[in-house]
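Student: what follows is a protein structure lacking sequence information:
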């Protein structure tokens with residue numbers, strides 16, 4: 001997966017156009033590997049719940065509005081999602097230490113086990129994909145993903 005920059009001249013201004021098609025192909029491979037990890041783990045957790053669970057775990061717990069913002073969803077839709085996740089024993093709602101009125105979402109023990117199981121499968125599948133790449137390709141991908149991950153959404 002190589003991103004190429006192709007200069008294009010429009011009048012006296014030079015524009016940069018990236019080879020987005022190649023990036024999309026590589027991204028599709030990574031997304032399919034991630035989806036395969038969930039399938040191979042034998043879990044029946046819907047993708048939206050898994051995504052929310054991973055956000056909650058990465059944050060170490062957060063309130064409903066922050067989760068809604070991270071998901072790009074309304075607070076009411078996120079609340080319904082959390083209702084389903086709580087019913088599935090993936091997360092808990094606890095009173096915040098900072099405010100009696102605020103509720104903090106935390107992963108349940110079962111939710112942590114689900115995330116760990118998916119993470120192990122994802123790492124194994126990603127490891128196989130990386131082994132098939134050249135050392136230079138792996139290094140470039142690692143640098144690019146690190147930079148991408150450090151940027152706000």
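Tutor: Noted; the coordinates are in hand. All figures in this text were calculated on a predicted structure; none of them were measured in a lab.

Student: only C-alpha atoms for contact and neighbour calcs from this point on.
Tutor: Noted.

Student: what about the helices in this protein?
Tutor: Listed in chain order, the helices of the chain (DSSP state H) span 20-40, 47-59, 64-71, 75-87, 109-131, 135-149.

Student: for the residue nearest the centre of the chain, what are its contacts?
Tutor: What sits nearest the mean C-alpha location of the chain, by C-alpha atoms, centre = their mean, is residue 51, with 6.3 Å. Not one residue lies near residue 51 by C-alpha atoms under 8 Å, 6 or more residues apart in numbering.

Student: which pLDDT does the model give residue 128?
Tutor: On pLDDT, residue 128 comes in at 90.

Student: now it: how far from residue 141?
Tutor: According to C-alpha to C-alpha, to the nearest Å, residue 128 stands 14 Å off from residue 141.

Student: more neighbours: those two, which one.
Tutor: Set side by side, residue 128 and residue 141 show more neighbours around residue 141, with 17 against 11, by other C-alpha atoms under 10 Å.

Student: run a quick neighbour tally on residue 131.
Tutor: Quick note: residue 131 (other C-alpha under 10 Å) scores 10 neighbours.

Student: wait, I meant residue 138
Tutor: Residue 138, neighbours per other C-alpha under 10 Å, totals 16.

Student: picking that back up, make CSV out of the helices of the chain and add distance to residue 93.
Tutor: Output for the helices of the chain, formatted as CSV (distance: least, C-alpha to C-alpha, whole Å):
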stretch, distance to residue 93
helix 20-40, 25
helix 47-59, 11
helix 64-71, 9
helix 75-87, 8
helix 109-131, 13
helix 135-149, 28
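
Student: out of the ones you listed, which comes closest to residue 100?
Tutor: Nearest to residue 100, of all the helices of the chain, is helix 64-71, at 14.5 Å by C-alpha to C-alpha.
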